[in-house]
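Student: Sequence below, structure please.
(one chain, ligands or ions: 2)
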Amino acid sequence: MFHDFTYRAVLSATARTAWQIDDVMPHDARLDFTRPFLPEALARIQSVPGLSAAERLSLNHVRAHEYLSLFGLIEEFILPFLLDYIRDQGAGDDHRVRALLQFAGEEAKHIHLFKRFKDSFDAGFPSPCAVIGPAETIAAEILQRHPLGVALIILQIEWMTQSHYLDSVRDDGGLDPLFASLLRHHWIEEAQHAKLDTLIVETLAATMRVADIEVAVEDYFRIASFLDEQYQALRWTYLGSGMGHPKFRATLGALYPRGLARVDAALPSFS
Ligand SMILES: [Fe+2]
Ligand SMILES: [Fe+2]
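Tutor: Ligands and ions are numbered 1, 2, ... in the order given. Alright, predicted model coming up:
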């Protein structure tokens, strides 16, 4: 066993670190738009050429909005997944039932908290920021997959939030204090969720044959590709459709045929 996670230990940890939405984002709190919200390691703004300092800051805010929106979207499928899982497992182990219900309650709280941040963002940011959705449709697409595939995606996401915080947010003193606090409070609870996800994955897999686990892992990749579609769409819209344009190809081909061959070879990955 590569871990010593238990429902009992998670329960006692969550009892010590519990927080309320108002502790993180009081109703009258305002985001400070003169500061960045996301650390550079997550926002990746500095390498974008041709932007003024003010434009870089705005782009950082847009990235932060995107981060919150995508996490909100993800938590919208984690919550029903958990509720189904808890019901399927039934009673028996009191620590397990309580730890999983606590997990579900915390995800509902995160969804609520992220909406409160988005409201504050919308009130202070000059342009509306649209997001993909609706969340229920995306959740339905993901939840039709094998439960072990869904559990693996959730496991990956919850560990990911740990490295986001530890590797970049924790030591960045220049961020808006409210946003940094949101990321810190989220990280605290996600640390316990990742342990519960590990136990869920192990429980689901315990009664499965290797061939069924293979099917579930296939589904994990299907979900990953589905979540990547937004990125692929942008890649096609802003690069692939240009690379494949006959006029562009004609010019490049006349200029340097080997260049056109390279573009042709690269085109499938931009489609
Ligand atoms: Fe969360
Ligand atoms: Fe979580």
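Student: alpha carbons only for contacts and neighbour counts from here, please
Tutor: OK.
Student: Please compute how far the helix or strand encompassing Ala254 lies from its chain's middle.
Tutor: If you go by DSSP states H and E, Ala254 is part of helix 246-255. Distance of helix 246-255 from its chain centroid, counting by C-alpha atoms, centre = their mean, to the nearest Å, is 39 Å.
Student: likewise stretch 70-87?
Tutor: Offset of stretch 70-87 from its chain centre (C-alpha atoms, centre = their mean): 12 Å.
Student: Repeat that for stretch 44-56.
Tutor: Relative to the mean C-alpha coordinate of its chain, stretch 44-56 is positioned 24 Å out (C-alpha atoms, centre = their mean).
Student: Tell me the buried residues in that stretch?
Tutor: 45, 56 (16 or more other C-alpha atoms under 10 Å).
Student: for it, how far is the first residue from the last?
Tutor: Terminal residues of stretch 44-56 lie 10 Å apart, using C-alpha to C-alpha, to the nearest Å.
Student: Check what contacts that stretch and list those residues.
Tutor: Applying C-alpha atoms under 8 Å, 6 or more residues apart in numbering, the contact partners of stretch 44-56 are 40, 59-60.
Student: do that again at 10 Å, thanks
Tutor: The contact list for stretch 44-56, computed with C-alpha atoms under 10 Å, 6 or more residues apart in numbering, reads 34, 36, 38-40, 43, 57-63.
Student: and if you look at stretch 128-139?
Tutor: With C-alpha under 10 Å, 6+ apart, stretch 128-139 has contacts from 62, 65-66, 69-70, 72-81, 118, 121-122, 142-143, 226-227, 230.
Student: Pull the helix holding Ala254 out as CSV, backbone CA atoms only.
Tutor: Provided in CSV are the C-alpha atoms of helix 246-255 (Å, rounded to 0.1, in the frame of the first residue of the first chain):
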residue,chain,number,x,y,z
PRO,A,246,-5.8,26.8,-49.7
LYS,A,247,-4.5,30.4,-50.3
PHE,A,248,-2.1,30.2,-47.4
ARG,A,249,-1.0,26.7,-48.5
ALA,A,250,-0.4,28.0,-52.0
THR,A,251,1.8,30.9,-50.9
LEU,A,252,3.8,28.8,-48.5
GLY,A,253,4.1,25.9,-51.1
ALA,A,254,5.5,28.3,-53.7
LEU,A,255,7.9,29.8,-51.3
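Student: pLDDT of it, averaged?
Tutor: Average pLDDT, helix 246-255: 87.
Student: which helices and strands does it pack with?
Tutor: When contacts are defined as 3 or more C-alpha pairs under 10 Å, 6 or more residues apart in numbering; DSSP states H and E, helix 246-255 sits against helix 241-243, helix 257-266.
Student: Relative to Pro268, how far out is Ser241?
Tutor: Per C-alpha to C-alpha, Ser241 is found 11 Å from Pro268.
Student: wait, I meant Ala261
Tutor: Noted for Ala261: a distance of 12 Å to Pro268, by C-alpha to C-alpha.
Student: What of Thr14?
Tutor: From Thr14 to Pro268 the distance is 47 Å (C-alpha to C-alpha).
Student: Strands of the stretch 51-200 of the chain, start to end?
Tutor: In the stretch 51-200 of the chain, no strands are defined using DSSP state E, counting those that start in this stretch.
Student: where does the protein have low pLDDT?
Tutor: 1, 230, 233-234, 238 (pLDDT under 70).
Student: Looks like Tyr85 contacts Ile200 (just checking).
Tutor: Yes. The pair Tyr85 / Ile200 is scored as a contact, 8.6 Å apart, by C-alpha atoms under 10 Å.
Student: Common neighbours of those two, please.
Tutor: Each of 100, 147, 151 lies in contact with both Tyr85 and Ile200 under the rule C-alpha under 10 Å, 6+ apart.
Student: Perfect, that will be all.
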